[in-house]
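Trainee: Structure, please.
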Amino acid sequence: MTLIAILLALATERYWRRHAPLRIFRHLAARLLLWRKGLIRVPWLNGVSGALLLLVIPLLPIAAVQGLLGHASGLHWEIIGLIFSTVILALCIGDRWYSEFIKHYLQAWRHGDVEGANHYLQQVTGFDGSILNARQLNRRFLEMVLERMLERVLAVLFWFVVLGPLGAVGYRLLCQMKGPLQQVSRRPQREIGLEAALLHLKAIMEWLPVRLAMLVCALTGSYADARQGWRRAQGLEWVANLGERSMRLLRGAGLGALQLEGFYAAADQGELSLQQMEEHVEALRDMIKRVLIAWMAGLSLLTLTGWLE
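Mentor: As a prediction, the model looks like this:
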């Protein structure tokens, strides 16, 4: 049933994304961020306990329905459970081909609007920086798509397999809150206990999916270059943020698998032509398709061997 739900969700996610009347996770995450302001006023809730409590509130109904359906017997209950799982997963998954991101980004480039492309990238990622040159800008875009591949699809599928709809919704909520949480994390350390706990929880949930995604990228691209990119990322200045350390490895391995990590890390920062930029973006999109196919093949093997019900 797990694999069937995943296949149905992937086949119908475009319909749900286009016709959903509400941006469910955006509104739910905004509500949780409002509740967070009340929790941080209580000293013992301004940390891990508050983060867990904040997540329990929206996840409790999901867990209750999932538990009831799991203990119910009969074909009609299995069908209801399949529909429930499919709908939840379809709402959690983002645009797996990143068509909108790529469309707007390429459109700005084709009009020669580097500043516009940079502004769009800042809006999408929350990246706060000055205008980048063409090479830096395109590298940041490729890295953003790699991160979105993990957050919008691979990690969501991973936690759906491990914990069912509960895991997918929990991880998706943490991803939705990431941007606002990172903005407030610039405040004094004593004021960000709850925010830091939520970001750390997201990083913990990403630790294994990131490593698996790196392996799949290497197997579907250039293994030797992916390994070299991963090692180069490991050699960068150490940061305390677990999530950033994991994303560094994913970015390095992903660009390495495309044989582009060395190109963008080269000391010679020459001009990047429009043709080169489009080729790099298209190569990444092709690799994402291969990664998703390999990810699904792995889940299928687990199902055939009886690891998944």
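Trainee: ok, now which ones touch the residue nearest the centre of the chain?
Mentor: In the chain, the residue lying closest to the centroid (Cα atoms, centre = their mean) is residue 151, at 0.8 Å. For residue 151, the contact set (Cβ atoms under 8 Å, 6 or more residues apart in numbering) comprises 94, 175, 206. All C-beta atoms are positioned from the backbone trio N, CA, C, and that covers glycine.
Trainee: could those be laid out in TSV, adding secondary structure and neighbour count?
Mentor: Shown next, in TSV, are these (DSSP: H, G, I helix; E, B strand; the rest coil; neighbours: other Cβ atoms under 10 Å):
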residue	secondary structure	neighbour count
94	coil	19
175	helix	23
206	helix	26
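Trainee: neighbours of residue 207, just the number please.
Mentor: Residues near residue 207, counting by other Cβ atoms under 10 Å, number 12.
Trainee: list the contacts for it?
Mentor: Contact partners of residue 207, counting by Cβ under 8 Å, 6+ apart, are 242, 246.
Trainee: can you pull the pLDDT of it?
Mentor: On the pLDDT scale, residue 207 is placed at 95.
Trainee: Which residue is the nearest non-sequential neighbour of residue 225?
Mentor: residue 256 (4.3 Å; Cβ to Cβ, 6 or more residues apart in numbering).
Trainee: Using JSON lines, please lay out the contacts of residue 151 together with distance to residue 197.
Mentor: JSON lines is the format used below for these (distance: Cβ to Cβ, whole Å):
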{"residue": "94", "distance to residue 197": "25"}
{"residue": "175", "distance to residue 197": "16"}
{"residue": "206", "distance to residue 197": "15"}
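Trainee: one step back: what is the burial count for the residue nearest to residue 225?
Mentor: Neighbours of residue 256 under the rule other Cβ under 10 Å: 28.
Trainee: The one 5 residues further on now?
Mentor: The burial count assigned to residue 261 is 25, neighbours taken as other Cβ under 10 Å.
Trainee: ok, residue 260 - contacts?
Mentor: With contact taken as Cβ under 8 Å, 6+ apart, residue 260 is in contact with 142, 280, 283.
Trainee: Most neighbours of all those residues, which one?
Mentor: Going by other Cβ under 10 Å, residue 142 tops the contacts of residue 260 with 22 neighbours.
Trainee: Roughly how far does the residue nearest to the centre of the chain sit from residue 210?
Mentor: Per Cβ to Cβ, to the nearest Å, residue 151 is found 10 Å from residue 210.
Trainee: Stretch 218-226 - what's its average pLDDT?
Mentor: 94.
Trainee: just to revisit the earlier point, ok, the residue nearest to the centre of the chain to residue 42 distance?
Mentor: Using Cβ to Cβ, we find residue 151 at a distance of 30 Å from residue 42.
Trainee: and the longest helix along the chain, how far out from the chain's middle?
Mentor: Longest among the helix segments of the chain by residue count, using DSSP state H, is helix 274-304. Remark: helix 274-304 is offset 15 Å from the chain centroid, using Cα atoms, centre = their mean, to the nearest Å.
Trainee: Show me what it packs onto, helices and strands only.
Mentor: Secondary-structure packing of helix 274-304 (3 or more Cβ pairs under 8 Å, 6 or more residues apart in numbering; DSSP states H and E): helix 2-19, helix 99-110, helix 134-148, helix 155-163, helix 193-220, helix 242-257.
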